[in-house]
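[1] No letters, just coordinates:
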């Protein structure tokens with residue numbers, strides 16, 4: 001299957017007319033399918049596969065094209081006729097702005113990628129190794145046997161500290177990590193509501209939920225302003241991503257604007273910290289639920305290290321640890337929904353996609369599709385062994401996306417997730433405690449509602 005631009009003068013004579021995708025059932029007046037997407041979004045997106053590879057849904061007054069086939073999502077990611085836009089990105093603009101690498105398109109996006117990419121090159125990542133090691137082992141020292149760990153706050157704490165210390169050379173970020181954790185929970189929940197039920201004027205009313213959202217959003221931007229101001233006041237220019245941004249030039253050779261610097265730092269600290277923190281939470285849940293895999297990680301680490309503390313240099317050798325991480329991301333992807341917009345009329349899987357159409361797809365649904373995975377709902381890290389992984393369709397598992405929108409920090413993220421998982425599983429086993437709730441909390445990202453775990457002795 002391919003994605004091709006469709007222009008009447010270039011279509012072959014006698015070519016079959018493109019079809020219109022079927023419309024999903026269950027829509028209601030005014031809200032369309034938004035009420036189902038808000039009430040049980042994961043089930044709704046997963047059930048769309050039963051109606052075809054592409055299905056039309058309504059979000060409020062807007063028609064949106066939902067893609068359920070992994071090959072088509074891959075083609076979508078690789079085709080320049082589809083831009084970062086649509087309901088998800090419109091809802092995120094209040095946080096990410098319009099001038100950061102996460103939301104920019106075209107020449108601006110390409111220039112921004114050139115600015116930030118050196119920080120994430122494979123040969124740059126080993127320099128972050130000592131910081132990642134230090135933060136991973138700090139968890140094993142701070143968490144005490146038998147003492148309940150709030151997985152939400154602790155996961156955010158380590159994710160923010162690694163990002164701040166590696167990429168922004170920030171000092172210890174405990175207080176800011178806690179602020180980020182609290183604010184993001186409110187902001188991402190509010191942004192999700194704005195995406196699935198786009199009733200713009202109502203969100204400007206002085207209602208308690210709107211005030212909480214606006215206060216949390218303001219604190220996020222204030223936190224970023226504090227980080228930038230502190231760096232400028234210090235007069236220091238370490239070799240890090242923040243220095244690169246402060247010294248970056250636009251296409252005319254002039255310094256980039258303040259808003260772009262701000263939006264780029266927001267993109268480093270917030271979506272990255274949110275997705276890494278959510279993944280750490282799901283890994284802790286998996287270690288507690290599947291102690292046999294925690295034991296295999298411990299055995300693998302000891303075989304690789306000979307009993308010394310796990311280090312960055314060991315990451316490539318920790319294959320089962322990496323497979324556990326992949327399987328956790330397959331079943332509980334932090335980024336569960338993505339949207340794009342067609343900039344030209346195109347063909348997608350034999351269907352016509354009009355110019356300007358919004359497109360939505362769910363990595364959560366695609367990564368659980370029984371057409372792509374045997375025992376699709378089973379936690380099975382061994383499905384990522386080479387002899388089995390080759391049977392997974394090419395685009396059925398892309399945790400860091402693909403094409404020009406591929407996450408630049410994929411190797412950075414996998415390295416820190418591997419070190420954290422290996423360090424924790426080597427020292428502890430985990431169990432959930434009374435009051436823990438590991439049910440999925442759906443917002444712009446997926447995370448457990450309130451995961452509480454207790455480290456126990458090995």
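    Yep, it's here. This is a predicted model, so every value here is computed, not measured.
[2] hey, let's count contacts and neighbours off CA atoms from now on
    OK.
[3] residue ranges of the strands in the chain, please?
    Taking DSSP state E to define them, one finds strands in the chain at 3-5, 54-59, 62-67, 82-84, 149-150, 338-342, 346-348, 351-353, 358-361, 428-432, 437-442, 446-450, 452-457.
[4] just how off-centre is stretch 451-458 within its chain?
    26 Å (Cα atoms, centre = their mean, to the nearest Å).
[5] Contacts for that stretch, please.
    For stretch 451-458, contacts defined as Cα atoms under 8 Å, 6 or more residues apart in numbering pick out 143-152, 281, 284-285, 288, 427-433, 435-438.
[6] change it to 6 Å
    Applying Cα atoms under 6 Å, 6 or more residues apart in numbering, the external contacts of stretch 451-458 come out as 145-151, 428-433, 436-438.
[7] So which bits of that stretch are buried?
    Neighbour-count burial for stretch 451-458 flags 451-455 (criterion: 16 or more other Cα atoms under 10 Å).
[8] Pipe the residues you listed into a markdown table and attach distance to residue 83 and pLDDT per row.
    Shown next, in a markdown table, are the buried residues of stretch 451-458 (distance: Cα to Cα, whole Å; pLDDT from 0 to 100):
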| residue | distance to residue 83 | pLDDT |
| --- | --- | --- |
| 451 | 36 | 97 |
| 452 | 39 | 98 |
| 453 | 41 | 98 |
| 454 | 44 | 98 |
| 455 | 45 | 97 |
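[9] Which two among these are spaced furthest apart?
    Across these, the longest distance by Cα to Cα is 12.9 Å; it joins 451 and 455.
[10] still on that earlier bit, indicate which one of the strands of the chain is closest to residue 28.
    Of the strands of the chain, the one closest to residue 28 (Cα to Cα) turns out to be strand 54-59, at 9.1 Å.
[11] Touching that closest one from outside, list them.
    Strand 54-59 is contacted from outside by 21-24, 32-34, 63-67, using Cα under 6 Å, 6+ apart.
[12] Quick one, which of those are buried?
    Buried among those (16+ other Cα under 10 Å): 21, 23-24, 32-34, 63-67.
[13] Out of the residues you listed, which one has the weakest pLDDT?
    Least confident of these in the model: residue 34, at 82.
[14] In this protein, where's the longest helix?
    Secondary structure of the chain per DSSP state H: the longest helix is helix 258-289.
[15] mind listing what's buried in that helix?
    For helix 258-289, by 16+ other Cα under 10 Å, it's 260-288.
[16] Next: stretch 358-371.
    Under the neighbour-count criterion of 16+ other Cα under 10 Å, stretch 358-371 has 358-369 buried.
[17] Now tabulate these in JSON lines and tack on distance to residue 181.
    Shown next, in JSON lines, are these (distance: Cα to Cα, whole Å):
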{"residue": "358", "distance to residue 181": "30"}
{"residue": "359", "distance to residue 181": "30"}
{"residue": "360", "distance to residue 181": "27"}
{"residue": "361", "distance to residue 181": "27"}
{"residue": "362", "distance to residue 181": "24"}
{"residue": "363", "distance to residue 181": "24"}
{"residue": "364", "distance to residue 181": "23"}
{"residue": "365", "distance to residue 181": "26"}
{"residue": "366", "distance to residue 181": "28"}
{"residue": "367", "distance to residue 181": "27"}
{"residue": "368", "distance to residue 181": "28"}
{"residue": "369", "distance to residue 181": "32"}
